[in-house]
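In: Prediction below, plus the sequence it came from.
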Amino acid sequence: MERFFQSFMIDGNVLIILFICLQCDMITLGIETSCDETAVGILDDDTILANIVSSQVAHTKFGGVVPELAARNHIKVVVPLTKLALEVAHRDLSDVDLISVTRGPGLIGALLVGLSYAKSLAIALDRPFVAVNHLEGHIYALHLDRGLQYPYLVLLASGGHTEVVLVKDEFSYETLGRTTDDACGEAFDKVAKIIGFPYPGGPYIENAAKSGVLGVIDFPVPKPKGLTFSYAGLKTAVLYFTRDNPDYKRDDIAANFQEVAIEHLIQVVRKAIVSTKVRQLGIVGGVSANKRLREKFQGLASDMGIMLHIPELQYCTDNGIMIALTGACRYVKYGSSDLSIDAVAREPLDDIPTV
């Protein structure tokens, strides 16, 4: 059993959360299977009881996520992870009051595993269930921070999404800009592959960048119009540099690519802060775990006199707690989702249904 526990990220600590939406004592089971992480979280009103995440390593040899393989792995582990989460939480399945699950966006096959499982639990236990938008889940990870107030800006940067969103009020979103091509995390993965690092490439780039020399390579900072992002040109610039300079140093490429990639985020977010005059900024998604990004945005916040909110590392990447929290808040306001609701590969924040 000890070996089994070590293969997962487990948070058994009690954390106090600022709940702006929950007004009842409710145990929520959150299930996340949108891509290549299977995650189960258990939330008891304002207390995190369990946060279990199983990251799939089988995709490494393919250089990216294989959708069919991801779905099959979710099928294998979602039930054992639920049992483990309940064990860590010292709860039984019968204690669960609400089941929350990701319905999209993401890989359809992967999403269907979690959604079907959640519906089955809801029917078998005669409990309500709520289907959650994955992006909104990341945003709600910010509500683990006591200081967050509406309205606020959110930079959502992950392997599949890069967008800046104005959160006007609870469940009220305006997407101000998004990437026109590659997402930021996707660019990290592709550049890592170009210079010989395995998938997922973000942590390898970040680690190599620590030994790299800034300024020795002049990669261009993307300059798309308005509040949009674009990483395809930067990725191509790295590719051409490696072809023209076969004796390149990987650490130098990693450091200079990372710096430019983050600077692009900084420039767009700066413009969004100026145009909206919002004084609070949240950064969510897997890329927000990058330490250099956190340093740069701390500098931006200091320069512009705004409050910066970034979740703890374990809540930056996909996790069940963010899905449980979002589902619980939505249930209080809108009630249960219909069991006929389906998975969706794409679902912008602006188009989230209320049921």
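Out: Yep, that arrived.

In: count of neighbours near residue 117?
Out: Here the count is done by other CB atoms under 10 Å, and residue 117 has 19 residues near it. Using the backbone N, CA and C atoms, a C-beta is placed for each residue, glycine as well.

In: which residues does it contact?
Out: By CB atoms under 8 Å, 6 or more residues apart in numbering, the contact list for residue 117 reads 31, 78-79, 101.

In: repeat that with 10 Å
Out: 31, 33, 74-75, 78-79, 82, 99, 101 (CB atoms under 10 Å, 6 or more residues apart in numbering).

In: Pull out the buried residues from the helix or strand it falls within.
Out: Residue 117 belongs to helix 108-125 when assigned by DSSP states H and E. Across helix 108-125, burial judged by 16 or more other CB atoms under 10 Å covers 108-115, 117-119, 121-122, 125.

In: Going by distance to residue 202, which of these wins?
Out: Ranked by distance to residue 202 (CB to CB), the buried residues of helix 108-125 are led by residue 110 at 19.6 Å.

In: how close does the residue nearest to residue 253 when sequence neighbours are not counted get to residue 286?
Out: Closest residue in space to residue 253, ignoring its immediate chain neighbours: residue 195 at 5.5 Å, by CB to CB, 6 or more residues apart in numbering. Distance, residue 195 to residue 286, using CB to CB, to the nearest Å: 20 Å.

In: do the same with residue 161
Out: Distance of residue 161 to residue 286, computed by CB to CB: 10 Å.

In: where along this protein do the strands fall?
Out: 27-32, 37-44, 47-55, 98-104, 129-133, 152-157, 162-169, 172-178, 280-284, 307-309 (DSSP state E).

In: What residues does the closest residue to residue 252 other than its chain neighbours make contact with?
Out: What sits nearest to residue 252 in space, not counting adjacent residues and going by CB to CB, 6+ apart, is residue 212, at 4.5 Å. Taking CB under 10 Å, 6+ apart, we find residue 212 in contact with 205, 249-259.

In: What's the per-residue pLDDT of the residue lying closest to residue 284 once chain neighbours are set aside here?
Out: Spatial nearest neighbour of residue 284, excluding adjacent residues (CB to CB, 6+ apart): residue 138 at 4.1 Å. Reading off the confidence values, residue 138 has pLDDT 96.

In: hang on, isn't residue 138 packed against residue 289?
Out: No: using CB atoms under 10 Å, residue 138 makes no contact with residue 289, being 12.0 Å away.

In: Can you check which residues contact both of these two?
Out: 157, 283, 311, 315-317.

In: per-residue pLDDT, residue 10?
Out: 33.

In: can you start the count at 58 instead of 1 from here on
Out: OK, 58 is where the count begins now, so the last one is residue 67.

In: tell me which residues in stretch 327-340 are buried?
Out: 329-330, 333, 335, 337-340.

In: Ok, stretch 360-378 next?
Out: Within stretch 360-378, judged by 16+ other CB under 10 Å, the buried ones are 363, 365-368, 372-378.

In: first to last residue in stretch 392-409, what's the distance?
Out: Terminal residues of stretch 392-409 are spaced 15 Å apart (CA to CA, to the nearest Å).

In: Buried residues, it. List them.
Out: 393-394, 398, 400-401, 404, 406, 409.

In: which among the residues you listed gets closest to residue 325?
Out: residue 406 (17.0 Å).

In: can you tell me which residues contact the closest residue in space to that closest one that isn't next to it in sequence?
Out: Spatial nearest neighbour of residue 406, excluding adjacent residues (CB to CB, 6+ apart): residue 230 at 4.2 Å. Going by CB under 10 Å, 6+ apart, residue 230 touches 190, 192-193, 196, 211, 222-224, 405-409.

In: still on that earlier bit, wait, which of the shared contacts of residue 195 and residue 346 is closest to residue 147?
Out: residue 372 (21.5 Å).

In: Please name the residues that touch that closest one.
Out: 68, 72, 98, 105, 108, 195, 197-199, 201-202, 341, 345-346, 378-379, 382.

In: Can I get the buried part of those as one PyMOL selection?
Out: Buried subset of the contacts of residue 372, written as a PyMOL selection, criterion 16+ other CB under 10 Å:
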select buried, resi 68+98+105+108+195+197+198+199+201+202+341+345+346+378+379+382
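
In: Of the contacts of residue 372, which belong to helices?
Out: Counting by DSSP state H, the contacts of residue 372 place 195, 197, 378-379, 382 in helices.

In: Closest to residue 234 out of those residues?
Out: Using CB to CB, these come closest to residue 234 at residue 195, 16.8 Å.

In: For residue 189, see how far away that closest one is.
Out: Using CB to CB, we find residue 195 at a distance of 11 Å from residue 189.
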